[in-house]
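Asker: Need coordinates for the following:
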Amino acid sequence: MVPIDTAALAARGIFAPLDIHFAQFISRVAQTDDPDLWLAAAMVSSHTRQGHVCLDLAALAGKTTVWQGKGEETPMAWPELEGWRRKLTESAVVGEPGEFKPLILDGAGRLFLFRYWDYQDRLARLISQRLRPSDSGVDILRVRDGLKRLFPENPGGETDWQKVAAFTALTRKFCIISGGPGTGKTTIITKIMALLLEQHPAMPLRIALAAPTGKAAARLQASVARTKINLDCGPSIKNLIPETASTLHRLLGAVPGSPYFRYNEKNKLSVDLVVVDEASMVDLALMSKLVQALPVSAQLILLGDKDQLASVEAGAVLGDFCTPENTGRFSKQFCREYREIAANEMAVEQYGDGGICDAIVQLEKNYRFGQDSGIGQVSRAVNQGRPDLSMGMLRAGKYEDISFKDAPPAQDLTRQMAASIVRGYRSYLGAADPLEAFKQFETFRILCAFRHGPYGVVAVNRLAEKILQAEKLLSLAGKWYPGRPILIQRNDYHLQLFNGDVGIIWPDPGDKDDLRAFFPSADGGFRKIHPMRLPEHETVFAMTVHKAQGSEFDHMLFLLPDTDSPLLTRELIYTAMTRARKKAEIWGTEDIFQNAVSRRSERTGSGLVI
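Answerer: As a prediction, the model looks like this:
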């Protein structure tokens, strides 16, 4: 056995300073220098920073790990499980579920920071309360008529999962609609809102549309506004369908400088229905706070793609709900109700026990990527974890909308990327006004896996500036030059700017052509802000795949790094590919691409069970 050397772990950069300080704090409170407690505290802090909700002791106990840090190897044997659990259980700082202590250890050997156990416990309890079939006086005849009118029969008699999703939303207080890009999630939510409004003709529903980022909220409201025009319902219903969406932080009323919100369990939102798009991006803490702020009578519908990257912060709520055990396994009772009300059969291979199984609908039919779409075909192969098949399709060159190119060495990247960058960004830099610039800028984007390194966001943004200046499309005169695209990195509630919002520095035609930062507004226009007032931001010719979630571009170029990493996963590749509407280019090496497709993004099982 190799003894635990906590000093070596700290000195060699195995843990971040935050993890070390937390472990030292826990040890002081517990009044012990036991290395097993120190290690558990440091590890649960580290795991939470990496997006895990908890630390699974059993996955580590009794094993030996060789740590790499500051060029040195530090071998270490983890404590045996029973002894480790006993020490933690006997500590004054570790409690059982339901106790108020800094760390919580559950019966399955999962160690939580208290606040994350509390977030998860509250979320599970409140969602469970919403899973019972609604008994709030649903008009069956109206439901039947609405489903028939808005969801015509399929010619082949196949199950119309959009119709099933609408039925689920009409009969339950909680519903998840999952599907990839092009499966019609935002189209169906417009139909669902119409059907729900038809159920309450005397008292219109209070509906809130929300998304995790400003970009995703803008796309949601644009889709709803576009879809409802041709909806087969009366003009009075169309007028009641909301067109404005906000970020979740704005909906909940974020309190500047704190993790709290104005709306919470003691001050509920005044809503009857909340729709959240891009729910895969919502972390555990935010989802829990949202559900706590909902009135008991309010309905919650989550839209998202369970196969996309999970949230950057701790927790993968949509993924925890949409497990294979929960998805596509409706109960016999649910199928019977659907047959009686919708007058259709459901193709269910295996029945479930009700509960959460009856609240999740997976959309499979893709209306954007047909059988001849390379983006659709390759992304499905990637999603299935089939590296040989996906690379074979890319190398065959039979699809016009997706291609693979061997990435050049770092020193040759500027020359090789010059044509793509000039072609992709020339049109927006030649625009006559900010509105036209935004429209053209959103047609092309470079995506990177990481921020740093020669193939990362920071380097590629500098490279793009250099190329565009050489072509005389940019003049890098100062920090805020005309045409500079920017990505907000920190929420500013006073300016109503949020992490992920994209703007462009542009001469203001109404103010002597002085430079302003222009951001799209909900009414289709733009807001302008003096650059000196902007919160933390960066140039955004290139952005990480994580930051691109909730966005779509006509043409996307995805640049893989030249070295492999555990962070390169099939979820990352799939998310990058499906940001493209019309054309996707992937630059990299076959080995790194195939390794990534073979690798799943794994987060420690949180135990979020409904």
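Asker: what about the helices in the stretch 251-400 of the chain?
Answerer: All helices of the stretch 251-400 of the chain, identified by DSSP state H, counting those that start in this stretch, fall at 284-292, 317-321, 332-342, 374-383, 387-396.
Asker: could the ones you listed go into CSV alongside distance to Ala596?
Answerer: (C-beta placed from N, C-alpha, C; glycine too.) Converted to CSV, those look like this (distance: least, Cβ to Cβ, whole Å):
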stretch, distance to Ala596
helix 284-292, 26
helix 317-321, 18
helix 332-342, 37
helix 374-383, 9
helix 387-396, 8
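Asker: Among the ones you listed, show me which one is buried the most.
Answerer: helix 317-321 (a mean of 25; mean count of other Cβ atoms under 10 Å).
Asker: To Asp358, which of the helices of the stretch 251-400 of the chain lies closest?
Answerer: helix 332-342 (4.4 Å; Cβ to Cβ).
Asker: Tell me which residues are up against the closest one.
Answerer: Contact partners of helix 332-342, identified using Cβ atoms under 8 Å, 6 or more residues apart in numbering, comprise 133, 140, 143-144, 147, 163-164, 167, 171, 330, 344-346, 348, 351, 354, 358.
Asker: Quick one, which of those residues are buried?
Answerer: Buried members of the contacts of helix 332-342, counted by 16 or more other Cβ atoms under 10 Å: 143, 147, 163-164, 167, 171, 330, 344, 346, 348, 354, 358.
Asker: ok, these vs Ser598, which is closest?
Answerer: The shortest approach to Ser598 among those belongs to Val348, at 31.1 Å (Cβ to Cβ).
Asker: How about the closest one: what's its closest non-neighbour residue?
Answerer: Using Cβ to Cβ, 6 or more residues apart in numbering and skipping residues adjacent in sequence, the residue nearest Val348 is Phe330, 5.3 Å away.
Asker: Return the per-residue confidence for that neighbour.
Answerer: As predicted, Phe330 sits at a pLDDT of 84.
Asker: tell me the contacts of it?
Answerer: Phe330 makes contacts with 338, 346, 348, 351-352, 357-358, as judged by Cβ under 8 Å, 6+ apart.
Asker: circling back: which of the buried ones among the contacts of helix 332-342 fall in strands?
Answerer: With DSSP state E as the criterion, strands contain none of the buried ones among the contacts of helix 332-342.
Asker: Need the max-distance pair from those residues.
Answerer: Leu147 and Gly354 (21.3 Å).
Asker: Wasn't Ser178 part of a strand?
Answerer: Yes - looking at Ser178 with DSSP: H, G, I helix; E, B strand; the rest coil, it is inside a strand.
Asker: Tell me if I'm right that it and Gly304 touch.
Answerer: Yes - when contacts are counted by Cβ atoms under 8 Å, Ser178 is listed as touching Gly304 (5.9 Å).
Asker: Return every residue with contacts to both of those two.
Answerer: Joint contacts of Ser178 and Gly304 (Cβ under 8 Å, 6+ apart) are Leu318.
Asker: Might you list the low-confidence residue ranges for this protein?
Answerer: Across the chain, the ranges flagged by pLDDT under 70 are 1-13, 67-74, 133-137, 155-157, 311-312, 315, 349, 370-371, 522-524, 603-610.
Asker: if you set the cut-off to 50 instead, what comes out?
Answerer: Counting by pLDDT under 50, the chain contains low-confidence ranges at 1-2.
Asker: So what are the sheet partners of the longest strand anywhere in it and their directions?
Answerer: Longest strand in the chain by number of residues (criterion: DSSP E): strand 580-588. If you go by DSSP bridges, strand 580-588 pairs up with strand 402-406 (parallel), strand 553-559 (parallel).
Asker: ranking those by burial, who's on top?
Answerer: Comparing the strands paired with strand 580-588 by mean count of other Cβ under 10 Å gives strand 553-559 as most buried, with a mean of 22.
Asker: Starting from it, tell me the next helix or strand along the chain.
Answerer: Counting by DSSP states H and E, the element after strand 553-559 in chain order, helix or strand, is helix 570-577.
Asker: Okay, angle between that next one and strand 402-406 too, please.
Answerer: 110 degrees (axes from the mean of the first three to the mean of the last three Cα atoms, to 10 degrees).
Asker: For helix 570-577, which outside residues touch it?
Answerer: Residues from elsewhere that reach helix 570-577, judged by Cβ under 8 Å, 6+ apart: 307-310, 375, 378-379, 382-383, 385, 402, 447, 449, 545, 548-549, 556, 558, 584, 586, 593, 596-601.
Asker: now the angle from it to helix 387-396?
Answerer: Between helix 570-577 and helix 387-396, the angle comes out at 30 degrees (the same axes, to 10 degrees).
Asker: Helix 570-577: which residues count as buried?
Answerer: Result for helix 570-577 [16+ other Cβ under 10 Å]: buried residues 570-577.
Asker: Ile402 contacts Arg581, correct?
Answerer: No - in terms of Cβ under 8 Å, Ile402 does not count as a neighbour of Arg581; the distance is 11.8 Å.
Asker: For stretch 494-506, measure first residue to last.
Answerer: Terminal residues of stretch 494-506 are spaced 22 Å apart (Cα to Cα, to the nearest Å).
Asker: That stretch: how far from the chain's middle?
Answerer: When C-alpha coordinates are averaged (Cα atoms, centre = their mean, to the nearest Å), stretch 494-506 and its chain have centres 19 Å apart.
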